[in-house]
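Novice: Here's my sequence, what's the structure:
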Amino acid sequence: MSCQSARQIRSSVDVLGAALGEDIAPERHFFDGLIAPISGLAQLFEDGFPMFSREDIVEGPGHPTWQPYGIRFLHHFREEGSEADIDTHFAEDFSRFSHMREKFDKLSQRSRVVFVISNSQNNLDEVAADTGIDTLNFEKDELVRLQRAVDLWLGRGCEYLIVSHPERHGDTRLPELVILEADDSEWTGDKAQWRTLFDAYLAQKGPMPFSI
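Specialist: Coordinates of the predicted model:
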């Protein structure tokens, strides 16, 4: 649900590879650069993960938004450093996301799938205010709903490593939830903490038990 997860996965490929005993090649996937409220993301998968149409992408609030799911595109439908122009960039980004949706679908064929879901980046409060999101705090029922929806859509059980900010976990208690210590980065996060949690997660003798 934020950019930090993808950033930290890519910067920790050596730790991931060492823990798994194989070379890891980072890939880009559909949700890497999107701000995706958990309830909207769950609804997307419950609806069968349809691709968006031009009519589904509205100008705001704050950034191009995929309705009815409330998924914000902070880095798309624009030239880098420029204001969003959905009509100009729609065909290009539709093609890009269509390809990544096909890649996402093929995750069902992998021997092991671990999703990393985080609301840990420090500037998310500013992003929420800028884009009209009520809250980006985690709630247990929404996280469980998302896990069920993704597993059902992929037709397989997956693992979910949930990473939260000290002030955004809502007292949620799940076996796969990790609460990071506060750091002073704008959005990238503390590389040392992430590398430690990846190493600890993959050092377990078996997958983390599904929360439900």
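
Novice: count of residues packed around residue 53?
Specialist: Neighbour count of residue 53, defined by other C-beta atoms under 10 Å: 10. The way it works is simple: take the backbone N, C-alpha and C, and place the C-beta from them, glycine included.

Novice: Now it, what are its backbone angles?
Specialist: phi -110, psi 170 (degrees, to the nearest 10).

Novice: Check the gap between it and residue 86 for me.
Specialist: 12 Å (C-beta to C-beta, to the nearest Å).

Novice: Just confirm residue 108 contacts residue 152, I think it does.
Specialist: No. If you go by C-beta atoms under 8 Å, residue 108 and residue 152 don't touch, sitting 11.3 Å apart.

Novice: what helix or strand is residue 72 on?
Specialist: According to DSSP states H and E, residue 72 maps onto strand 71-73.

Novice: Does anything pack onto that strand? Which helices or strands?
Specialist: If contacts are counted by 3 or more C-beta pairs under 8 Å, 6 or more residues apart in numbering; DSSP states H and E, strand 71-73 sits against strand 34-35, helix 38-46, strand 65-66.

Novice: let's see it at 10 Å
Specialist: strand 34-35, helix 38-46, strand 65-66, helix 86-105, helix 124-131 (3 or more C-beta pairs under 10 Å, 6 or more residues apart in numbering; DSSP states H and E).

Novice: Just the helices from the chain, written as ranges.
Specialist: 3-11, 13-20, 38-46, 86-105, 124-131, 140-154, 191-202 (DSSP state H).

Novice: now the end-to-end length of stretch 136-144.
Specialist: The separation between the terminal residues of stretch 136-144, taken as C-alpha to C-alpha, to the nearest Å, is 16 Å.

Novice: which of the residues in that stretch are buried?
Specialist: Residues 136, 137, 138, 140, 142, 143, 144 are the ones in stretch 136-144 that count as buried (16 or more other C-beta atoms under 10 Å).

Novice: What of stretch 159-174?
Specialist: 159, 160, 161, 162, 163, 164, 165, 168, 169, 172, 174.

Novice: So among those, where is pLDDT lowest?
Specialist: Model confidence across those bottoms out at residue 172, which has 73.

Novice: Quick one: residues contacting that one.
Specialist: Going by C-beta atoms under 10 Å, 6 or more residues apart in numbering, residue 172 touches 137, 138, 139, 140, 141, 142, 143, 144, 162, 164, 179, 211.

Novice: Great, nothing more from me.
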